[in-house]
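1. Generate a structure from the sequence data that follows.
(12 chains)
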There are 12 protein chains.
Amino acid sequence: MSDHIYKKIELVGSSPDGFEQAVKNALVRAEKTVRNMRWFEVAETRGYIENGKIGHWQVTLKIGFTLEDA
Amino acid sequence: MSDHIYKKIELVGSSPDGFEQAVKNALVRAEKTVRNMRWFEVAETRGYIENGKIGHWQVTLKIGFTLEDA
Amino acid sequence: MSDHIYKKIELVGSSPDGFEQAVKNALVRAEKTVRNMRWFEVAETRGYIENGKIGHWQVTLKIGFTLEDA
Amino acid sequence: MSDHIYKKIELVGSSPDGFEQAVKNALVRAEKTVRNMRWFEVAETRGYIENGKIGHWQVTLKIGFTLEDA
Amino acid sequence: MSDHIYKKIELVGSSPDGFEQAVKNALVRAEKTVRNMRWFEVAETRGYIENGKIGHWQVTLKIGFTLEDA
Amino acid sequence: MSDHIYKKIELVGSSPDGFEQAVKNALVRAEKTVRNMRWFEVAETRGYIENGKIGHWQVTLKIGFTLEDA
Amino acid sequence: MSDHIYKKIELVGSSPDGFEQAVKNALVRAEKTVRNMRWFEVAETRGYIENGKIGHWQVTLKIGFTLEDA
Amino acid sequence: MSDHIYKKIELVGSSPDGFEQAVKNALVRAEKTVRNMRWFEVAETRGYIENGKIGHWQVTLKIGFTLEDA
Amino acid sequence: MSDHIYKKIELVGSSPDGFEQAVKNALVRAEKTVRNMRWFEVAETRGYIENGKIGHWQVTLKIGFTLEDA
Amino acid sequence: MSDHIYKKIELVGSSPDGFEQAVKNALVRAEKTVRNMRWFEVAETRGYIENGKIGHWQVTLKIGFTLEDA
Amino acid sequence: MSDHIYKKIELVGSSPDGFEQAVKNALVRAEKTVRNMRWFEVAETRGYIENGKIGHWQVTLKIGFTLEDA
Amino acid sequence: MSDHIYKKIELVGSSPDGFEQAVKNALVRAEKTVRNMRWFEVAETRGYIENGKIGHWQVTLKIGFTLEDA
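-> Prediction:
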């Protein structure tokens, strides 16, 4: 395990339903094309405002996954 | 739209009811005097502790809004 | 009150139940050995992914507490 | 002059015509309501892309101006 | 108190008489137009040099104050 | 629109013809393989010097684009 | 001396009498329980405002001290 | 050469044999799928501890490579 | 495992024999009083120079360890 | 070439004619006393405002040059 | 004046007599070999501790001065 | 000793033989023209890649040395 190589990609998830849902939405989408996701890091948290209220949250994530042997 | 000018102000919202509510409280207050709010950025997340528990969350936001023609 | 001295320690709380619960878990554990906790600052937010979903959140906190007279 | 007090505000200027024009647009707008502007600092440079090309530049500025006696 | 909303503004105070006096000068000026100031944070410390000596200190502060109900 | 997921990639564009042209060159190249580009952020600006003059500018960009459903 | 191991702790000293006195107050308190303090680093400088004036300064320090053999 | 476009990717290499070997392991893996690698930047250095000793080093790299014409 | 709480402490290890040995020296010392160490993060790398050569390296580490139930 | 040693110096160039000209002015001046300049990095971009318009741009550069054998 | 070029150098001043005196000591020394000093920026503030008290303050400054025509 | 003034310069050392050798090469070169070097700080670690392998390491250092009386 100690020789694993990981790649990190940067995604922005969004959701009208809150901070955590924005993170989950990004992971749901990532899982469709990325295997072996291991961890995420929250890099930035923002939101868009519509009519004075939060329209949707936007959370920038770095996602780390194991690179399989090529 | 590409010539819009925005101003950013910095508010700290607080709430005993969690991170997202602290953000919302700041926006509710801001909306009373600021028009055309467009986005926010979370700059800092803190909380005050009372009797070993979270008394209230404090979230520092930058809020961007469109400057109308003067 | 203006001559108080505070110490800050750095804990990482984790929870499968979300960002706020990870913070609370860190405070519950800290309260067992630290008295007079006054505030926390969120330094880093991460999470571990299991089977494409969030296994648990991990939140790094700085916790400030009043140092009593030695 | 050594006792001057300055205030700094944060604006985002935008322009389809480039980085410098985005800065200038912010200053033109600021000048309508702010007197005695003295300097600006570029805090962030971004742009929006439309059809694969730069639609408009967005430059975040901090603008410092002298506070007159109240 | 846990639902208070604060605003932060950024001022630069200056003084030939030292670091602390530059901070105080900024607060004296701010107090003329801002009510309910609660805390400040030192963001940057600089100084101007005249004839090889410190002409005046310049300290950039963020000042937090309670927003009253609008 | 509030459920969009974006990916951010990091490119370095270069050009002997200036800062803005280096940004444009990166976008021209990116457009060949990336669809739905939405924004860029300037992360770093450098340049190479040849015979005491700017040989070419090098600008590091983060480019955000919408991830389509997989 | 080149094999020394140091530990760094983070304290916040406060004082109504100025920046330097806040640092000194933190050291006076630390000295009661920490031996072999060697250096400090100023991490953050803030202050609380009472009636428009500085009520007390708050300075966050990192303090390094030699770890004796266990 | 002045019109080259580069892409930067982020990998984490690990090795029980030290800091440099962790960097090399990341490059060995990257070379299997990436052509024209030109430089790397060390972004973060960490390690996992097993039984009080370094189990393996983990080094986060940004790797830049030339984008060929598409 | 997902409810683990970790504490992070900051040590400075030093060694005349290189960067990695300075890290190891810090861990050897930490192990005498800290149980359940899990990871370290390199925060700062410095060195002292004697007669124009490296006298010893000094590496500042954050060390994370599992907090057992109190 | 792999054993080259570089020195980096920090200059501030200014120009009423824009961002790029400020960079060029710094290089023109540097070239008079520095040989073998190889690259520059933009560290900070500011400007001075006169009568509501940009009086001159000020760009802080780090300039790297090859150190010849002494 | 708008075409001035400045150079910035980095000095560390120290003094047993406090933060401001450490800054002044650096400037006194710099003035012996540097002409046309214009401003300084405080980059880091530290201190060495002797017998539990501040032995001397150490303040890292960047000093900007006008480059005369070569 | 408490009144010493230090100057810090920034060098980039390179070596095909590893991270530590790149640091040493910078110091060997610096020693030829700088007296009284006291410490270094690693600011940045990079490397150039040739044929998929590390061609040479490049380490940016800040080197502090005592300024003698002028």
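2. is it true that A:Asn25 lies in a helix?
-> Yes: assignment of A:Asn25 by DSSP: H, G, I helix; E, B strand; the rest coil places it within a helix.
3. all strands of chain A, in order?
-> A:6-15, A:37-50, A:53-66 (DSSP state E).
4. Could you figure out how far the first one is turned away from strand F:6-15?
-> For strand A:6-15 and strand F:6-15, the angle between their directions (axes from the mean of the first three to the mean of the last three CA atoms, to 10 degrees) works out to 120 degrees.
5. Dump the strands of chain A into JSON lines; add mean pLDDT as well.
-> Formatted as JSON lines, the strands of chain A follow (pLDDT from 0 to 100):
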{"stretch": "strand A:6-15", "mean pLDDT": "98"}
{"stretch": "strand A:37-50", "mean pLDDT": "98"}
{"stretch": "strand A:53-66", "mean pLDDT": "98"}
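6. Turn those strands into TSV, columns for mean neighbour count and distance to L:Gly64.
-> Placement of C-beta: from N, CA and C, glycine included. Shown next, in TSV, are the strands of chain A (neighbours: other CB atoms under 10 Å in any protein chain shown; distance: least, CB to CB, whole Å):
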stretch	mean neighbour count	distance to L:Gly64
strand A:6-15	22	34
strand A:37-50	19	33
strand A:53-66	20	34
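7. So which of the ones you listed is nearest chain D?
-> Taking CB to the nearest CB as the criterion, strand A:37-50 is the member of those that comes nearest to chain D, at 12.0 Å.
8. farthest residue from the center of chain A?
-> Outermost residue of chain A with respect to the C-alpha centroid, by CA atoms, centre = their mean, is A:Asn51; its distance is 26.7 Å.
9. List the residues that contact it.
-> A:Asn51 makes contact with no residue, according to CB atoms under 8 Å, 6 or more residues apart in numbering or on different chains.
10. which phi and psi does it have?
-> phi 50, psi 40 (degrees, to the nearest 10).
11. State the number of residues packed around the residue lying closest to A:Gly18 once chain neighbours are set aside.
-> Counting by CB to CB, 6 or more residues apart in numbering or on different chains, B:Glu20 is the residue found nearest to A:Gly18 once chain neighbours are left out, at 5.6 Å. Applying other CB atoms under 10 Å in any protein chain shown, we find 21 residues neighbouring B:Glu20.
12. Next: the one 10 residues further on.
-> As a burial measure, the neighbour count of B:Ala30 was computed by other CB under 10 Å and equals 23.
13. residues in contact with it?
-> B:Ile9, B:Leu11, B:Met37, B:Ile63, E:Ile5 are the contacts of B:Ala30 under CB under 8 Å, 6+ apart.
14. Any chance of those residues in TSV with distance to C:Arg29 as columns?
-> Compiled in TSV, the contacts of B:Ala30 are given as follows (distance: CB to CB, whole Å):
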residue	distance to C:Arg29
B:Ile9	37
B:Leu11	32
B:Met37	39
B:Ile63	35
E:Ile5	31
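15. And these, which two are furthest apart?
-> Based on CB to CB, the longest span within the contacts of B:Ala30 runs between B:Met37 and E:Ile5 and measures 14.1 Å.
16. how near is A:Asn25 to B:Thr45?
-> 21 Å (CB to CB, to the nearest Å).
17. one step back: wait, which of the strands of chain A is closest to L:Glu68?
-> Per CB to CB, nearest to L:Glu68 of the strands of chain A: strand A:37-50, 46.5 Å.
18. Paired strands for that closest one, with orientation please.
-> The strands beside strand A:37-50 in its sheet (DSSP bridges) come out as strand A:53-66 (antiparallel), strand B:37-50 (antiparallel), strand C:37-50 (antiparallel).
19. Noted, bye for now.
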